[in-house]
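**Student:** what's the 3D shape of this:
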Amino acid sequence: MQSLVAELERCLGAGGLVSGETAAEQAFSPWTRLGKPMAIARPRSTQEVAEVLRSAGRAGVSVVPWGGRTGLVDGALAEGAIALSLERMNAIEEIDAVGSTMTVQAGCVLERACEAADAAGLFLPLDLGARGSATVGGVISTNAGGNRVIRYGMTRDMILGLEAVLADGTVIPAMNRLIKNNTGYDIKQLFIGSEGTLGVVTRAVFRLQAKPAAQNTGFLAVDGFEALPKLLRRMDSELGGALSAFEVMWPEFYELVTTEPAAGRPILPPGHAFYVLVEALGADPEADGERFEAVLAQVLDDGLVVDAVVAKSQAERDRMWALRDDVRQTARNGPTVVFDISLPIPEMQGYLTEVRQALTARWPKAQLTVFGHLGDGNLHLIAGVGDPKARHDIEELVYRPLQARGGSVSAEHGIGLQKLAYLSTSRSPAELALMRTIKAALDPKGVLNPGKVLG
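**Tutor:** Residues are numbered from 1 along each chain as shown. Okay, the predicted model is just below:
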């Protein structure tokens, strides 16, 4: 180990390697376990990433890629391994205004990339709560979703090309800039969503969109679940495909984020069954605003919505989104278990009723807080039963019913370590076997992020 540390120090130069107790002190995240890495490697280039992987492979030491460390499934746990942080590889290399692309290094924080696109008159639509700390490499390796999936898709839908380094140090320069390029296997897809188990993403080419000129946001109250899918389809249809967000808050979540010590306050009165945050992005501020309000008036008249507020300023829009993003308030109920699941919208109400009944039958004082991106089938469940040792039993009650309903145990957070036991409820034996074949082909020694995703 000492010889490996010395080799990495020579390779990475001053400030390029943090080891010993200093590494342990820096391995902190309020969201996930990071363990105690033997060292933190901080390369400045793709070639240095390759050198780290080659050196670690020769020494038989595992390497765990680190992005913004905002994951929730222990996918960055680096106990006894080399943590590979790309924080110094954070440059925005190029924005091509004609081709509508951005070339960026993996350590760049997502929010900074979005701001750079905006400054160039373009739009990177990837948006999530951890935008200020999540990195490009992290969102690619987890195929992050976020708030605008119903219109723009997941991260993989925004990536044209990428560069990755394999476990043996081989650099894969798949930096495609073309929208159409059917020349064999789409290599980039191997690395998007693989959680750093197949290769380390070092650079990427994003496909940018036209910058919206209009942004209309509304906060709605709905009194029955059956109205939600009808409201979603009506708004998507009537707004001509401009609908970009359809976020739903169950009343328990709304109460948490609108009462002290939370900073937020009610936008609509409490007591409704559901609160919906809707947003539409368009090209004509005046016409799009009129259409947005006209559609809300129609759904109010039809009874799909019982109350509504339209943001008239950026400050009001920020206030609405701040409620949806204040997820930390769910920790007020004591020890909780966080879930990120997806399932067909028609199955949601029955599934949640089944889970609530199962939890309260086992723990009469159990609390279940629900919110999420209902428009794309993704719900976040926060379960608390007053027993920090009950995690496994809670997971059984939440995950097992998903298989019969065609759901997934992970909508956007990945598998990491926490969901290993339940991957088979969402993937067939043939799929799992193929995943293992790919892992063995690209990382035969099991150097990269061992134990994650496939165990």
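**Student:** for stretch 266-281, buried residues please.
**Tutor:** Buried residues in stretch 266-281, counting neighbours by 16 or more other C-beta atoms under 10 Å, are found at 267, 268, 272, 274, 275, 276, 277, 278, 279, 280, 281. Every C-beta, even on glycine, is put in place using the N, C-alpha and C of the backbone.
**Student:** and for stretch 97-113?
**Tutor:** Buried residues in stretch 97-113 (16+ other C-beta under 10 Å): 100-113.
**Student:** over to stretch 380-400?
**Tutor:** For stretch 380-400, by 16+ other C-beta under 10 Å, it's 380-385, 390, 393-395, 397-399.
**Student:** also stretch 157-173?
**Tutor:** Counting neighbours by 16+ other C-beta under 10 Å, stretch 157-173 gives 158-167, 169, 171-172 as buried.
**Student:** which residue packs closest to residue 139, ignoring adjacent ones?
**Tutor:** On the basis of C-beta to C-beta, 6 or more residues apart in numbering, the spatially nearest residue to residue 139 that is not a chain neighbour turns out to be residue 155, at 5.2 Å.
**Student:** list the contacts of the one you found.
**Tutor:** Contact partners of residue 155, counting by C-beta atoms under 8 Å, 6 or more residues apart in numbering, are 126, 139, 140, 142, 143, 144, 145, 192, 193.
**Student:** before we move on, back to that, in helices, which of the buried residues of stretch 97-113 appear?
**Tutor:** Among the buried residues of stretch 97-113, the ones falling in helices (DSSP state H) are 110, 111, 112, 113.
**Student:** the second one contacts residue 132, correct?
**Tutor:** Yes. With contacts counted by C-beta atoms under 8 Å, residue 111 reaches residue 132, the gap being 4.9 Å.
**Student:** would JSON lines of the ones in helices among the buried residues of stretch 97-113 with pLDDT and distance to residue 257 be doable?
**Tutor:** JSON lines is the format used below for those (pLDDT from 0 to 100; distance: C-beta to C-beta, whole Å):
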{"residue": "110", "pLDDT": "97", "distance to residue 257": "23"}
{"residue": "111", "pLDDT": "97", "distance to residue 257": "21"}
{"residue": "112", "pLDDT": "97", "distance to residue 257": "27"}
{"residue": "113", "pLDDT": "98", "distance to residue 257": "28"}
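**Student:** among these, which one lies nearest to residue 427?
**Tutor:** The closest of those to residue 427 turns out to be residue 110 (C-beta to C-beta; 27.7 Å).
**Student:** how close does that closest one sit to residue 138?
**Tutor:** From residue 110 across to residue 138, the span is 8 Å (C-beta to C-beta, to the nearest Å).
**Student:** shared neighbours of those two, which are they?
**Tutor:** By C-beta under 8 Å, 6+ apart, residue 110 and residue 138 have these common neighbours: residue 68.
**Student:** burial count for residue 21?
**Tutor:** If you count neighbours by other C-beta atoms under 10 Å, residue 21 ends up with 9.
**Student:** should've said residue 251
**Tutor:** A count of nearby residues for residue 251, using other C-beta under 10 Å, gives 15.
**Student:** how about the one 3 residues further on?
**Tutor:** If you count neighbours by other C-beta under 10 Å, residue 254 ends up with 24.
**Student:** I'd say it and residue 275 touch.
**Tutor:** Yes. Under the criterion of C-beta under 8 Å, residue 254 makes contact with residue 275 at 4.9 Å.
**Student:** how about the helices in the stretch 1-150 of the chain?
**Tutor:** 2-12, 20-26, 46-59, 110-119, 136-142, 149-152 (DSSP state H, counting those that start in this stretch).
**Student:** so which of these is the most packed in?
**Tutor:** Of those, the one with the most neighbours on average (mean count of other C-beta atoms under 10 Å) is helix 136-142, at a mean of 30.
**Student:** who are the packing partners of that one?
**Tutor:** helix 110-119, strand 200-207 (3 or more C-beta pairs under 8 Å, 6 or more residues apart in numbering; DSSP states H and E).
**Student:** how distant is the lowest-mean-pLDDT helix or strand in the chain from the center of its chain?
**Tutor:** Within the chain, judged by mean pLDDT, DSSP states H and E, the helix or strand with the poorest mean is helix 20-26; its value is a mean of 88. Relative to the centre of its chain, helix 20-26 is centred 27 Å away, using C-alpha atoms, centre = their mean, to the nearest Å.
**Student:** what's the answer for stretch 6-19, then?
**Tutor:** 31 Å.
**Student:** now do the end-to-end distance for it.
**Tutor:** Using C-alpha to C-alpha, to the nearest Å, one end of stretch 6-19 lies 10 Å from the other.
**Student:** also stretch 157-175?
**Tutor:** End-to-end distance (C-alpha to C-alpha), stretch 157-175: 15 Å.
**Student:** contacts for it?
**Tutor:** 46-47, 49-51, 53-54, 57, 63, 101, 103, 124-126, 140, 152, 176-179, 187-188, 191-192, 198-207, 442-445, 447-448.
**Student:** which residues sit in contact with residue 325?
**Tutor:** residue 129.
**Student:** if we go to 10 Å?
**Tutor:** Residue 325 makes contacts with 128, 129, 130, 131, 147, 247, 257, 264, 318, as judged by C-beta atoms under 10 Å, 6 or more residues apart in numbering.
**Student:** next one: residue 77
**Tutor:** So residue 77 contacts 27, 32-37, 64, 71, 83, 416-418, 449, 451-452 (C-beta under 10 Å, 6+ apart).
**Student:** mind doing that once more with 7 Å?
**Tutor:** Remark: with contacts taken as C-beta atoms under 7 Å, 6 or more residues apart in numbering, residue 77 is in contact with 33, 34, 35, 64, 417.
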